[in-house]
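what follows is a predicted protein model with its sequence.
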Amino acid sequence: MSAHTLHTVRKLLRAVPSALAGGQGGYDVEGKVVVITGAATGIGYALARLLYARGARLALVDIDGRAATAAATGLGARAVGIGADVADRADMRLAIDRVRERFGGIDVVVANAGIVPKPSSIRLMDPADFDRVLAVNLTGVFNTVHPSLDDIVAARGHVVVVSSCAAFAPGMGGSPYMVSKAGVEQFGRALRVELAASGATAGVAYFGIVDTAMTHETLDDDDMGAELGDLLPWPLNKRISPTEAAASIADGIARRAPRTIAPSGWEPYAMLRGALNVVLDQQLSTDERVRSLTNRLEQRIRAERGRAIDA
């Protein structure tokens, strides 16, 4: 190893403690304008409640415009609800324009909206399902953040993109979600570096299993989904509430954190994923439970398609 390489490695290692601590000083959201997508329910609404209590002015954006308006009304006069589909680029530009018209500018954006696909192998997946998940979870993040960036730079504000621990976990049975969240992670990392010169910041939020309606539908109400969830060992299978997830984001905004992760049991996996995933992929590819689950999942999909044709 050359002297230059050794110097670079030492420099990187010395930077680890400060990088793990994260943040670039305090950021008070009182009086700031915060845009949250997927804000009518779940993590988004829990975050809206927390930030409203801290004095923020809020734009709650959701595909269900009525639910967004009702949620905003429930918070108070400093909140507005806006109906918009994050997968629709023109729709999101209009939504961001409405926020500017109402509040005069934007200080913080939280790209939180997301969906999950029905469990499926890649081989039997409906391509439309793959496209829809990426359109909402990944392209939707771009559609949310991009039209807001001039405001964020001018205000030296902060952007949060909501990824997931699924970004670095095995993706069998739900690959579109994992693919989309891995893309969001890289988007957030690139954005943070690019915004640094302007004094604005960006961070990536990672969550394990959050106890939302989406989780119940995917893991609890679906037998195959439940079996996939059972493959996670403790403490990775620990669930947190939407309020706990929202608190992680809110506290991350307060310190301009480059990354937040909750629950904390995922932190060692996140740090060591490069090595762990090599071993884990090998184990899962030879695990008879996984093979059986994949076969039964494909059998179910074929049976459902057969019934649809007969109908």
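On my side now, so go ahead.

how about the helices in this structure?
3-21, 42-53, 65-75, 89-103, 127-134, 140-145, 149-155, 175-195, 213-215, 223-230, 242-254, 267-286, 288-310 (DSSP state H).

could the ones you listed go into a markdown table alongside distance to residue 166, mean pLDDT and mean neighbour count?
Where you see a C-beta, it was placed from the backbone N, CA and C, and this is true even at glycine. Shown next, in a markdown table, are those (distance: least, C-beta to C-beta, whole Å; pLDDT from 0 to 100; neighbours: other C-beta atoms under 10 Å):
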| stretch | distance to residue 166 | mean pLDDT | mean neighbour count |
| --- | --- | --- | --- |
| helix 3-21 | 22 | 45 | 10 |
| helix 42-53 | 14 | 98 | 23 |
| helix 65-75 | 25 | 98 | 18 |
| helix 89-103 | 24 | 98 | 17 |
| helix 127-134 | 11 | 97 | 15 |
| helix 140-145 | 15 | 98 | 25 |
| helix 149-155 | 26 | 98 | 17 |
| helix 175-195 | 5 | 97 | 19 |
| helix 213-215 | 12 | 74 | 15 |
| helix 223-230 | 11 | 70 | 16 |
| helix 242-254 | 14 | 97 | 22 |
| helix 267-286 | 12 | 91 | 12 |
| helix 288-310 | 16 | 88 | 12 |
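
tell me the spacing between residue 106 and residue 126.
Between residue 106 and residue 126 the computed distance is 36 Å (C-beta to C-beta, to the nearest Å).

ignore what I typed, I meant residue 172.
From residue 172 to residue 126 the distance is 17 Å (C-beta to C-beta).

more crowded one of those two?
Neighbours per residue, other C-beta atoms under 10 Å: of residue 172 and residue 126, the larger number sits with residue 172, 19 against 13.

would you turn the helices of the chain into TSV with distance to residue 165?
Converted to TSV, those look like this (distance: least, C-beta to C-beta, whole Å):
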stretch	distance to residue 165
helix 3-21	17
helix 42-53	14
helix 65-75	27
helix 89-103	26
helix 127-134	17
helix 140-145	17
helix 149-155	26
helix 175-195	8
helix 213-215	13
helix 223-230	13
helix 242-254	12
helix 267-286	7
helix 288-310	19
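
to residue 111, which of those lies closest?
Closest of the helices of the chain to residue 111 is helix 140-145, at 4.3 Å (criterion: C-beta to C-beta).

so which elements touch the closest one?
Applying 3 or more C-beta pairs under 8 Å, 6 or more residues apart in numbering; DSSP states H and E, we find helix 140-145 packed against strand 33-37, helix 89-103, strand 108-111, strand 158-162, helix 175-195.

could you dump the ones you listed to CSV with distance to residue 206?
Shown next, in CSV, are the helices and strands packed on helix 140-145 (distance: least, C-beta to C-beta, whole Å):
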stretch, distance to residue 206
strand 33-37, 17
helix 89-103, 23
strand 108-111, 14
strand 158-162, 8
helix 175-195, 8
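
out of these, which is closest to residue 245?
Nearest of the helices and strands packed on helix 140-145 (C-beta to C-beta): strand 158-162, 9.0 Å.

partner strands of that closest one and their direction?
strand 108-111 (parallel), strand 201-207 (parallel) (DSSP bridges).

what's the most buried one of those strands?
Highest mean neighbour count of the strands paired with strand 158-162: strand 108-111, a mean of 28 (counted as mean count of other C-beta atoms under 10 Å).
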